[in-house]
Structure formats: C-alpha cells, structure tokens
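Asker: sequence and predicted model, in that order:
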Amino acid sequence: GLTSGVTGIAVGASHTCATTSAGAALCWGTNQSGRLGTTGGDSSSPVQVTGLSSGVSAVSVGSGHTCAIAGGGAAKCWGDNQYGQLGDGTTTSRDTPVPVTGLGSGVIAISAGEWYTCAITSGGAAKCWGSNQYGQLGDGTTTNSSAPVQVAGLGSSTAVIAASVSYLVRGHTCAVTSSGAVKCWGDNHLGQLGDGTTASRYTPVGVTHLDSGVVAVSAGAGHTCAITSAGSAECWGSNSYGQLGTPSGRTPVDVIGLE
C-alpha cells in the first residue's frame, strides 16, 4: 500500500494515480484501454506503471488516459487514444507509456482533460493535443491533433495550466501567465471561460478582472476556480450544484467565506 512517501495524487472518474518520493508512478482502478499503464487487468490496489519506477515528478489523470512528467522533463502518456490524447502521432490506445511527440524534455507541467492533454515547457510555451471539438487545444481551430500544437497568443509566458476533465463531453482549458493573468479557451456554454459571455473560444481570452495576481487555476466540468496571491478564491461558470460557493456568474466572483 501507499502508506508513506506519496508526493502527488490525481483522481479520475474510475482510476487514480500517484507519485512517490522515489519518483515512481503507480495507478489503481479500472484498466480499460490501458489507463493504469500496465498490461494487467483492473486493480483495487496500486500497480507500478510500466517503465516509470523512478524519475517521475508529476502525474495527471484524464477520463480514460493518464500522462506523466518523467525523467529529464519528458512527457509520457498511456491509455485511451481515440482522439490522439496521448500525443504520439497516432490514435492507437496504449497500455504502457509512450513518449509525446516533440516533448522529450523540458516539460514542467502537464494536465490531462477529458479527451485531450496540455503541457507547459520550461520556456513557458503551452502545447495541447487530442480532441479539439470545442477549441480546447487553443490553436484557433476545431481540428483534432494527435501531436502537440502550440496554443495561440500565449507566447512564452505560461506558468500554470489546467485542462478540464469534463464528463459532459466538452472541454475548456485555462492557464496562468507569468504576469499572473488568467487566460481560458474552449467550451463556454456555461460561462466557464470567465469573459462574460457564453461563446466558445478557439484561442485564449482574458478572464474578467483577473489580469494579475493569480497563482493557480483549476478547470472543472463546467466551471473554473482560481487562487490569488492575496489568498482569495475566485470561481465562475456553472453553479447548478452550488460549486461556485457564491451566486453564479459568467465572470469571477469571490467564494463566500474564502475572501
């Protein structure tokens, strides 16, 4: 069991993965499409991801695939690949990790969404791959890509990225720039991009009132939240279950009790 030495954990709809202080990646849950990173079946206890017993610094879980930052900052993914979300230039699912095309080093952050994935390089560039039905890859198109494409308009200024794990079969992505601004793109039918509209965007748009001072962002199925350097929490988008912690809005609002 993982009773000590856990450095990170990522939870999906039906599988979970963790990283250890030894740099290993382990996963458990359903192994449909190989999302546990092993040739075995489902597992109710952690199993070692093939080839990732050391050097792993982060892991991110999508709905049917998993990605990690391995030794040297290499991006590797495994599991379902019907939309190219593994980034290896194919749409073939894999039950063991495969390298992401062009990202063999220098990756500092990775985020697996519903059927797509995004990453940030040490140079601050944002790259995405996989499903692009709602513009969630941010390259100005709605064309799927089985290899990483550059997110338009962000240059080399990205610090943090979050891809939505949307079980509504939609997707949006948000990033924090090096100046602390939040930019979002993709599906916006619930106002989750925070620009005051419900129009989907194929390239990044600024989130209203959050053009500086943001240190982290997290994208949900239909809403988004951010943390500011002052320690406040701001959320926007769907509020059908009270997930914003405040009256709903298409622009950021303070979470009541966490201002």
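Answerer: Thanks, I have the structure now.
Asker: stretch 113-123: which residues count as buried?
Answerer: 113, 114, 115, 116, 117, 118, 119, 120, 121 (16 or more other Cβ atoms under 10 Å). Glycine gets a C-beta too; all of them are placed from N, C-alpha and C.
Asker: nearest to residue 178 among those residues?
Answerer: Minimum distance to residue 178 across these is 10.6 Å, recorded for residue 120 (Cβ to Cβ).
Asker: beta partners for the closest one?
Answerer: Counting by DSSP bridges, residue 120 is bridged to residue 109, residue 126.
Asker: just the buried residues of stretch 113-123: which has the poorest pLDDT?
Answerer: In terms of pLDDT, residue 114 ranks lowest among the buried residues of stretch 113-123, with 90.
Asker: that one reaches residue 61, doesn't it?
Answerer: No: using Cβ atoms under 8 Å, residue 114 makes no contact with residue 61, being 11.2 Å away.
Asker: identify the contacts common to these two.
Answerer: Common contacts of residue 114 and residue 61 (Cβ atoms under 8 Å, 6 or more residues apart in numbering): residue 165.
Asker: what about the strands in the stretch 101-250 of the chain?
Answerer: Secondary structure of the stretch 101-250 of the chain, counting by DSSP state E, counting those that start in this stretch: strands at 107-112, 116-121, 126-130, 145-150, 158-163, 172-177, 182-186, 201-206, 214-219, 223-228, 233-237, 249-254.
Asker: these: which one's closest to residue 91?
Answerer: Here strand 145-150 is closest among those (Cβ to Cβ), at 5.8 Å.
Asker: for that closest one, buried residues please.
Answerer: Of all the residues in strand 145-150, those buried under the rule 16+ other Cβ under 10 Å are 145, 146, 147, 148, 149.
Asker: tell me which strands it pairs with, and in which orientation.
Answerer: Assessed with DSSP bridges, strand 145-150 is paired to strand 126-130 (antiparallel).
Asker: which other residues reach the partner strand?
Answerer: With Cβ under 8 Å, 6+ apart, strand 126-130 has contacts from 83-87, 100, 102-103, 113, 115-121, 136-139, 144-151, 154, 158, 161, 163, 173, 175.
Asker: now with 6 Å, please.
Answerer: Residues outside strand 126-130 that contact it (Cβ atoms under 6 Å, 6 or more residues apart in numbering): 83-85, 87, 115-120, 137-138, 145, 147-148, 151, 154, 158, 161, 175.
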